[in-house]
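When you get a sec, could you give me coordinates for this:
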Amino acid sequence: MTAESANQKRMSIIVTKGTLDWAYPPFILATTAAAMDVKVSMFFTFYGLQLLKKNLDHLQISTLGNPAMEMPMMGMHMTMPNLMPVIPGVDALCTTMMKNLIKKKGVASIPELRAAAIESEVEIIGCQMTLDLFEMKKDDLIDGIQLGGAAMYMEGALKSDINLFI
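Have a look, this model is predicted:
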């Protein structure tokens, strides 16, 4: 290990959410940190493991428990009332609206951000226990990732300057 790499800043992120809106923060923070020469490790566990699936078409927005959700519509911002999640099709409608807004505003997609993280040499670890728990197969996940458990995460986190739980 060189003196330069020993002094390199480190960041670890635990990714626990698997919805479209919760996929953005960990990937944006990871790729931004990597661009700033921070060594980044991302540990995907429980529902966060969904973000490592080869196909991400299943990602949706969840309006449940999100009273701050506002969507720009017709020149104003429409808030989603707490009752909205019980109406069938609302999550699908909100997902479509969000995907259209992301595209319209030129925001990178989750597959693009994930590819950027891999290209930036972000260490991506899928939780083996979660894989087993949800009866998923490694073949369901993208190539180029590692599988490990809490001990693997802790090994990196204990060396990190920044630890995030998202």
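
Now do Met154: how many residues are near it, please.
12 (other C-beta atoms under 10 Å). (C-beta placed from N, C-alpha, C; glycine too.)

what helix or strand does it sit in?
For Met154, the host element (DSSP states H and E) is helix 150-157.

Just the residues contacting that helix, thanks.
10, 12, 14, 41, 43, 123, 125, 129, 146, 163 (C-beta atoms under 8 Å, 6 or more residues apart in numbering).

how about 7 Å then?
Helix 150-157 is contacted by residues 12, 14, 41, 43, 125, 163 when judged by C-beta atoms under 7 Å, 6 or more residues apart in numbering.

for the last one, phi and psi?
Pointing back at Asn163 there. Asn163 adopts backbone torsions of phi -120, psi 120, taken as degrees, to the nearest 10.

residue ranges with poor pLDDT in the protein?
Along the chain, the parts satisfying pLDDT under 70 run over 1-6, 64-69, 71-74, 76, 78-86.

Okay, strands next: where are they in it?
10-15, 39-44, 70-73, 76-79, 123-127, 146-148, 162-165 (DSSP state E).

Each with direction, which strands does the last one pair with?
If I follow you right, that is strand 162-165. Sheet pairing here is set by DSSP bridges, and for strand 162-165 it gives strand 10-15 (parallel).

The residue nearest the centre of the chain and Ala33, how far apart?
Central residue of the chain (C-alpha atoms, centre = their mean): Ala23, 3.2 Å from the mean position. Note on Ala23: its distance to Ala33, by C-beta to C-beta, to the nearest Å, is 17 Å.
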